[in-house]
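Colleague: could you work out the structure for the sequence below:
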Amino acid sequence: MTLETLTPTIHDTSEQAQLREQVARFIAKEVEPHAAAWEEAGCVPREVLRKMGDAGLFGLMYEPAYGGAGADAMTNLVFAEALSQSTFGGFIITALVHTDMASPHLHHAGTPEQKARYLPGVISGETITAVGISEPGAGSDVAGMRTTARRDGQHWVLNGTKMFITNGVHASLYFVAAKTGTARHDMSMFIVEKGTPGFSVGRALKKTGWLSSDTAELIFDNVRIPAGNLLGEEGKGFYSVMKNFQTERIALGAMAVGHCQQALKITLDYVRQRQAFGATLFDKQTVRQRLAMLDAKTRAARQYMYHCAWLVTQQREVVQDVSLLKALTGELVNEVLQTCQQFHGGMGYMRETAIERLWRDARVLAIGGGATEVMLDEAAKRYT
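Modeller: All right, here's what the predicted structure looks like:
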């Protein structure tokens, strides 16, 4: 059985194949040897992120006028999948929130003035971003948020709390959703800089996995921001969030597929060496057949993932397909990691092993970015 790991797809351009190799080299040199210490520290060093910016990895989708590469969704997926070959989910999500979940709000809805002010720093890695949508009582139900923004002359005044915000402790630029009217979907997006009076990190949150990802509660206490920090149209923030979810969910699908690939590779190597009852575990028919089936499912999910990205490049309606992809990969990665950890026996439960870390990191992929049940309902509502 040969596992697909860091291999180009049949659709890769030469530039995309080079991007895979570039990311693989970066992970091998700058991430894997050091990331265990980042897990202990609870964050990814910002100098590492600046190196990614210097390497041109933070502006693939963005306009060349601001330092970006102007690439399409397929190239961006190549980056996300290549990045997800790391065995450290906290590092992966730190970077992907910046590239695929937070800063795209600026790319999609920002004015030329806003882009000129912020995008160069975002692309260089000098400015790391976070997005404030989830709240203590409003996760997948975005419209249920309670954070508000009211207009006061030449300012907006924000009040409320955000929860589970990745990059929330150490980001320097935040894109924040707030209700600006009484209707359920009447909300807007705002640009909030770190250090704005009244804006604070309530607490850093301790998680089961993604240990090197800093996650925070954010508090907005009469935070006054200039009227020009409105991002996009007033009252249209809900639709901006929904649009950006498609980019986010494809990236999370890539992360799940990457975890599956790495877990299967690690486990295949392990069961070929592990002796039990007079033979290797790989000699046990049930073991090798279960791994083969999980490999088949992973390969199929990977192809569906690239199909979704292709639909984006064709400007096709993608909500149903991306919702199904998110549900599929979020459940699959947990199935794969559960089995791979089981085949490691007691060693699979030890913090010193990559498989235990991947198992912990995988769990949230069925929750974050849209829980499986919500994704399936989103898809089912679109059946005709």
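Colleague: ok now the helix or strand containing residue 301, how far from the chain's centre?
Modeller: Using DSSP states H and E, residue 301 falls within helix 285-313. Mean-position distance between helix 285-313 and its chain equals 19 Å (Cα atoms, centre = their mean, to the nearest Å).
Colleague: cool, stretch 304-320 as well?
Modeller: With Cα atoms, centre = their mean, you get 18 Å for stretch 304-320.
Colleague: which residues touch that stretch?
Modeller: 9, 11, 72-74, 76-77, 81, 242, 246-247, 250, 253-254, 257, 321-322, 324-325, 328-329, 378-379, 382 (Cβ atoms under 8 Å, 6 or more residues apart in numbering). From N, CA and C alone the C-beta is placed, and that goes for glycine too.
Colleague: residue contacts, the nearest residue to residue 342 once chain neighbours are set aside?
Modeller: In this structure, residue 342 finds its nearest non-sequential neighbour in residue 348, 6.9 Å apart by Cβ to Cβ, 6 or more residues apart in numbering. Contact analysis of residue 348 by Cβ under 8 Å, 6+ apart lists 340-342, 355-356, 359.
Colleague: A strand includes residue 348, no?
Modeller: No - using DSSP: H, G, I helix; E, B strand; the rest coil, the assignment for residue 348 is helix, not a strand.
Colleague: what about residue 107, how many residues nearby?
Modeller: 18 (other Cβ atoms under 10 Å).
Colleague: same question for residue 148.
Modeller: Residue 148 has 16 nearby residues by other Cβ under 10 Å.
Colleague: thinking again about what came up before, what about the contacts of stretch 304-320, which are in helices?
Modeller: 73-74, 76-77, 81, 242, 246-247, 250, 253-254, 257, 321-322, 324-325, 328-329, 378-379 (DSSP state H).
Colleague: just the buried ones from these?
Modeller: 73-74, 76-77, 81, 246-247, 250, 253-254, 257, 321-322, 324-325, 328-329, 378-379 (16 or more other Cβ atoms under 10 Å).
Colleague: now the residue of the chain positioned farthest from its centre: how far from residue 271?
Modeller: Largest separation from the mean C-alpha position in the chain: residue 278, at 43.4 Å (Cα atoms, centre = their mean). Residue 278 sits 15 Å away from residue 271 when distances are taken as Cβ to Cβ, to the nearest Å.
Colleague: leaving out the residues flanking it, which one is nearest to residue 13?
Modeller: residue 75 (7.9 Å).
Colleague: after the lowest-mean-pLDDT helix or strand in the chain comes which helix or strand?
Modeller: When the helices and strands of the chain are scored by mean pLDDT, DSSP states H and E, strand 275-276 comes last with a mean of 90. Using DSSP H and E, the helix or strand that follows strand 275-276 in sequence is strand 279-280.
Colleague: how far out from the middle of the chain is that next one?
Modeller: Strand 279-280 sits 39 Å away from the centroid of its parent chain (Cα atoms, centre = their mean).
Colleague: where do the strands sit along the stretch 1-150 of the chain?
Modeller: 129-132, 148-152 (DSSP state E, counting those that start in this stretch).
Colleague: domains of this structure?
Modeller: Domain segmentation of the chain under automatic domain parsing yields 14-124, 129-237, 245-380.
Colleague: how long is the shortest one end to end?
Modeller: Pointing back at domain 129-237 there. 18 Å (Cα to Cα, to the nearest Å).
Colleague: what pLDDT, on average, does that domain get?
Modeller: Confidence for domain 129-237, expressed as mean pLDDT, is 94.
Colleague: surely residue 74 touches residue 11?
Modeller: Yes - using Cβ atoms under 8 Å, residue 74 is in contact with residue 11, at 7.1 Å.
Colleague: residue contacts, residue 134?
Modeller: Here residue 134 is in contact with 162-165 (criterion: Cβ under 8 Å, 6+ apart).
Colleague: give me the buried entries from those.
Modeller: Judged by 16+ other Cβ under 10 Å, buried ones among these: 162-165.
Colleague: reformat those residues as a markdown table; add distance to residue 98 and secondary structure.
Modeller: Shown next, in a markdown table, are the buried ones among the contacts of residue 134 (distance: Cβ to Cβ, whole Å; DSSP: H, G, I helix; E, B strand; the rest coil):
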| residue | distance to residue 98 | secondary structure |
| --- | --- | --- |
| 162 | 17 | strand |
| 163 | 19 | strand |
| 164 | 16 | strand |
| 165 | 13 | strand |
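Colleague: adding distance to residue 217, write those out as a markdown table.
Modeller: Below are these laid out as a markdown table (distance: Cβ to Cβ, whole Å):
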| residue | distance to residue 217 |
| --- | --- |
| 162 | 7 |
| 163 | 5 |
| 164 | 8 |
| 165 | 7 |
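Colleague: and the residue farthest from the centre of the chain, how close does it get to residue 180?
Modeller: Taking Cβ to Cβ, one finds residue 278 at 69 Å from residue 180.
Colleague: same thing with residue 148?
Modeller: From residue 148 to residue 180 the distance is 8 Å (Cβ to Cβ).
Colleague: and what of residue 259?
Modeller: 38 Å.
Colleague: okay, those two: which has more neighbours?
Modeller: The neighbour count for residue 259 versus residue 180, taken as other Cβ under 10 Å, is higher for residue 259 (29 against 21).
Colleague: my guess is that one contacts residue 333. True?
Modeller: Yes - if you go by Cβ under 8 Å, residue 259 and residue 333 touch, sitting 5.0 Å apart.
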